[in-house]
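> sequence first, predicted coordinates after that:
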Protein chains: 2
Amino acid sequence: MSQSLTTIKKDFTEGLSQISRFWGFPKGMGAIFGVLYLSSTPLSLDEIVEETGLTKGAISTEIRALARMGLVHRSSKLGDRKDYYEAEPDFYAAIRSILKERQNSEFDRAVRSVKNTLEALENNWVENEEWNFVYERVQALQDFFDALDSLTKAVVRLESLGVTNVTKILSILK
Amino acid sequence: MSQSLTTIKKDFTEGLSQISRFWGFPKGMGAIFGVLYLSSTPLSLDEIVEETGLTKGAISTEIRALARMGLVHRSSKLGDRKDYYEAEPDFYAAIRSILKERQNSEFDRAVRSVKNTLEALENNWVENEEWNFVYERVQALQDFFDALDSLTKAVVRLESLGVTNVTKILSILK
DNA sequence: TACTACGTTTAGTAATTACTAAACACACAT
DNA sequence: ATGTGTGTTTAGTAATTACTAAACGTAGTA
């Protein structure tokens, strides 16, 4: 019972789809990335349509999201109107890129609201037990976010998640 | 223009809701946690209904998810039939708990499928360029997951994300 | 035993999100 | 200019997810 490369590829992209969904991205995104990741040559939109079964429209929008995150790169051949896409093979580079992307927009705004709460508390201060309690809690959350923030920034600065770095980190966290 | 504590609290939980949604959890979950986090005493289901505007049913199911993740704890008072809930104040403890939870189930299964792909490739090996390429790529992804896995395991083992640990890590990642 | 006060489950609904199909806009070739 | 091959946008649909309302189960109380 020997499996063909195409079925193996299909299973793989299937798996990536689920991982994608798990992290809150559309599953089609995972599939698109999977197809590109296993292709040794850049693919055109239509080729991706072929491989994934999605429509041009969907792929167009989702691949732009992927490009924004740095997970795929767009290129074009001379004398060919089509765009071509290929996957970023360095996952660590991709993660850094995603973190950078997330730094702005949605998450940042939400985190900022914690800071606002803190300021609102200070500006309307009433000295009693509850205010103290609430202030302490919000402050703790703020501290946590700050720690997280400096960590991700460090991660972004880091060149690669090579074996050496990982083992270094692991040795410290012992 | 002085803001009351209740409106400040409301803004805060609003922010937590958005953070919750950002990480792929229902926004109600963030709201529930927010209410508990800012309460100095454990709250009953009905009190949470009161504060969030959600129904008992929704809160019942979502609070169990929160409890599974270790973000809230359930307790009960003697001679009182009600259950009471309070937020875990140590965020780092919560994160470790979430990581533990995620280790199993969905994500693990998906990651496992990458390993399966690898094995399928080995068991049906055909020596040509494409197989080599695909194998290399899948192997790279596997390595990445392995690195990630040992990191999260280290994080889970770590007691706290205190200032000392963070600075230690940061110094290494220089 | 039946009643009460609670949490849970369930069946249905609302809201959101992912996707399709088709119109559109643009660049290039003729 | 006109036509052709692209990627993009849009309007609508399918699928999924979050939530509600109400039935249900259960443990304690009389």
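Received it, and whenever you're ready, just let me know what you need.
> buried residues in stretch A:130-141?
A:Val134, A:Arg137, A:Val138, A:Leu141 (16 or more other CB atoms under 10 Å in any protein chain shown). Quick note: C-beta positions are derived from backbone N, CA and C, even for glycine.
> I'd like the mean pLDDT over that stretch, please.
In this model, stretch A:130-141 has a mean pLDDT of 95.
> before we move on, what about stretch A:32-51?
96.
> what about stretch A:141-160, near chain B?
Yes. Figure legend: stretch A:141-160 in contact with chain B (CB under 8 Å from any CB of the partner chain); contacting residues A:Leu141, A:Phe144, A:Ala147, A:Ser150, A:Leu151, A:Ala154, A:Val155, A:Arg157, A:Leu158.
> from the buried residues of stretch A:130-141, which is closest to A:Ile32?
Of all the buried residues of stretch A:130-141, A:Ile32 sits closest to A:Leu141, with 36.2 Å by CB to CB.
> setting aside sequence neighbours, what's the nearest residue to that closest one?
Nearest residue to A:Leu141, sequence neighbours excluded (CB to CB, 6 or more residues apart in numbering or on different chains): A:Val114, at 5.7 Å.
> return the residues in contact with the one you found.
Counting by CB atoms under 8 Å, 6 or more residues apart in numbering or on different chains, A:Val114 touches A:Val138, A:Leu141, A:Gln142, A:Phe145, B:Phe12, B:Gly15.
> the same query, at a cut-off of 7 Å, please.
A:Val138, A:Leu141, A:Gln142, A:Phe145, B:Gly15 (CB atoms under 7 Å, 6 or more residues apart in numbering or on different chains).
> tell me which element it is part of?
Using DSSP states H and E, A:Val114 sits in helix A:105-123.
> what helix or strand does the residue nearest to A:Arg96 when sequence neighbours are not counted sit in?
Closest residue in space to A:Arg96, ignoring its immediate chain neighbours: A:Val156 at 5.0 Å, by CB to CB, 6+ apart. In the assignment (DSSP H and E), A:Val156 maps to helix A:129-157.
> over to the residue of chain A found nearest DNA strand D: give its phi and psi.
Going by CB to the nearest atom of the strand, DNA strand D is nearest to A:Gly57 of chain A, at 2.8 Å. When quoted as degrees, to the nearest 10, the phi and psi of A:Gly57 stand at phi -60, psi -50.
> could you find the closest non-adjacent residue to A:Phe144?
Going by CB to CB, 6+ apart, A:Phe144 has B:Phe91 as its nearest residue, at 4.4 Å.
> A:Ala67 is in contact with A:Glu88, correct?
No. Taking contacts as CB atoms under 7 Å, A:Glu88 lies outside contact range of A:Ala67: 9.6 Å.
> on that earlier part again, mean confidence for the helix holding A:Val114?
The pLDDT scores in helix A:105-123 average 86.
> what of stretch A:54-71?
95.
> do the same with stretch A:4-16
So the average pLDDT for stretch A:4-16 ends up being 92.
> quick one: is that stretch near DNA strand D?
No. In terms of CB under 7 Å from any atom of the strand, no part of stretch A:4-16 sits within range of DNA strand D; the closest distance is 13.5 Å.
> between A:Glu88 and A:Ala67, which one's more packed in?
The residue with more neighbours, out of A:Glu88 and A:Ala67, is A:Glu88; 19 against 14, by other CB atoms under 10 Å in any protein chain shown.
> wait, what's in contact with the residue nearest to that one when sequence neighbours are not counted?
Leaving aside its chain neighbours, A:Glu88 sits nearest to A:Ala94 (4.9 Å; criterion: CB to CB, 6+ apart). A:Ala94 is in contact with A:Met69, A:Gly70, A:Leu71, A:Glu88, counting by CB under 7 Å, 6+ apart.
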